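Undergrad: From the sequence below, what's the structure:
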Amino acid sequence: MVDWTHVIHLVKNRNGSKGVVGEWHIRHISPMIAKLLYLGQWIHVGKNATFGLGKYQI
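TA: Have a look, this model is predicted:
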């Protein structure tokens, strides 16, 4: 588990995120989900993607 905090000094605000680091092994998924997961490794969508979060590799 990773706990990450980003401080914005101009507005004196804190944004935090938590996530998982490691390996996942997924079995028995549909071809459609497999295609979406493959595509997702290149487009990085989701919360705080602009900070490099949400990255994964297949």
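Undergrad: looking at the chain, which helix or strand is least sure?
TA: When each helix and strand of the chain is scored by mean pLDDT, DSSP states H and E, strand 2-8 comes last, with a mean of 60.
Undergrad: hey, where'd the strands end up in this structure?
TA: Under the criterion DSSP state E, the chain contains strands at 2-8, 13-19.
Undergrad: Leu37 against Ile43, yeah?
TA: No: counting by CB atoms under 8 Å, Leu37 does not reach Ile43; the two are 11.3 Å apart. C-beta coordinates here come from the backbone N, C-alpha and C atoms, glycine included.
Undergrad: which of the two has more neighbours?
TA: It is Leu37, of Leu37 and Ile43, that has more neighbours when counted by other CB atoms under 10 Å, with 13 against 9.
Undergrad: ok, that one - contacts?
TA: By CB atoms under 8 Å, 6 or more residues apart in numbering, the contact set of Leu37 is 26, 29, 58.
Undergrad: What is the nearest of those to Asn48?
TA: For the contacts of Leu37, the closest approach to Asn48 (CB to CB) belongs to Ile58, at 20.8 Å.
Undergrad: for the closest one, what are its contacts?
TA: Ile58 touches 37-38, 41, counting by CB under 8 Å, 6+ apart.
Undergrad: can you tell me which of those are in helices?
TA: In this view, these that belong to helices under DSSP state H are 37-38, 41.
Undergrad: Which one of those residues is nearest to Gly19?
TA: Gln41 (15.5 Å).
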